[in-house]
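1. fold the following.
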Amino acid sequence: MTTRLHVDHATIGYGDRTVIQDLDLTVPDGSFTVIIGPNACGKSTLLRSMARLLRPSTGTVTLDGADLSSLSSRSIARSLGLLPQSAIAPDGIRVGDLVARGRFPHRGFLTRNTPHDLRVIAQALEATGTSDLADRLVDELSGGQRQRVWIAMVLAQETPLLLLDEPTTYLDIAHQISVLNLCADLHRQGRTVVAVLHDLNHACRYATHIVAMKDGRIVARGAPADIIDAALVQEVFDLPAIVIDDPVTGTPLVLPAAS
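-> Sure, this is the predicted structure:
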């Protein structure tokens, strides 16, 4: 496997609190990589470090062989698009203007949108089902609508790598599947997608590569069919379960054991 994005012996935390210690991770190019694990195991911390929102106290995160700390913010933003877990929009901003901010790494803050910019923005709104919200204030939207708008902004950034921290948060089941189908389409079009997901069966159905974490370390990594079994679910989530083949996709389907 080749990689553009690599975490090398990284120790990551918040102040004096270490969350991840001496972790190695290679994100396969062209993969749909999903990070799974229980709450507070370090999933979001790892994703934030790959976007340079957190810097390792030891070790490195590299993009195309260069330490992220040595790259300009604009250079990173042209390669990596990030959907954070709790994104906050400026007060009084309209949806179309927020999505247009995804174009800033390519044209700057004070430059007018080009015809190409306008096409990309319109495509991002359409892909996320938010075109009809373009003139609405972000403050007026439901949590699910806001989540889709933030995803549209990340798509408008037009990057080859997408980092999505719980992209299905606040979404009902129909919109969860819509967003995951969109991620799968982007992956098929050649983008590398890295997502943190809580739903293990969604991870198994959509991921080409799974990274299972517990207590700040990687327990297993690989294709869903190769690593997801009852023993792993018990180890990672402390949950007795049976794993069968999904009747629709043939991917692993995790069923909690009856109590």
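
2. do you know how far P28 is from L161?
-> Taken as C-beta to C-beta, to the nearest Å, the spacing of P28 relative to L161 amounts to 12 Å. Using the backbone N, CA and C atoms, a C-beta is placed for each residue, glycine as well.

3. check T114 too.
-> Going from T114 to L161 by C-beta to C-beta gives 23 Å.

4. who's more crowded, these two?
-> Per other C-beta atoms under 10 Å, whichever of T114 and L161 has more neighbours is L161, with 20 against 12.

5. could you pull out the buried residues of stretch 70-78?
-> Residues of stretch 70-78 classed as buried: 71, 76-78 (neighbour count, 16 or more other C-beta atoms under 10 Å).

6. outside of that stretch, which residues touch it?
-> For stretch 70-78, contacts defined as C-beta atoms under 8 Å, 6 or more residues apart in numbering pick out 51-52, 63, 68, 104-106, 157, 159.

7. and those residues, which is closest to A258?
-> A51 (40.7 Å; C-beta to C-beta).

8. count of neighbours near that closest one?
-> For A51, the count of nearby residues is 20 (other C-beta under 10 Å).

9. residues contacting it?
-> If you count contacts by C-beta under 8 Å, 6+ apart, A51 has them with 76, 80, 82, 163.

10. how does it look with 6 Å?
-> Listed by C-beta atoms under 6 Å, 6 or more residues apart in numbering, the contact partners of A51 are 80, 82, 163.

11. from the contacts of stretch 70-78, which single one is nearest Q147?
-> Each of the contacts of stretch 70-78 was checked against Q147 using C-beta to C-beta; the closest is Q157, at 16.2 Å.

12. wait, the closest one sits on R103?
-> No: with contacts counted by C-beta atoms under 6 Å, Q157 stays clear of R103, the gap being 7.4 Å.

13. quick one on the thing from earlier: which among the contacts of stretch 70-78 gets closest to L239?
-> Set against L239, the nearest of the contacts of stretch 70-78 by C-beta to C-beta is A51 (29.8 Å).

14. check the gap between the closest one and L163 for me.
-> Counting by C-beta to C-beta, the gap between A51 and L163 amounts to 5 Å.

15. what ranges in the stretch 1-150 of the chain fall below the confidence cut-off?
-> Across the stretch 1-150 of the chain, residues meeting the criterion (pLDDT under 70) sit at 1-2, 108-109.

16. quick one: the helices in it?
-> Along the stretch 1-150 of the chain, the stretches classed as helices by DSSP state H, counting those that start in this stretch are 43-50, 73-79, 95-100, 104-107, 115-127, 143-156.
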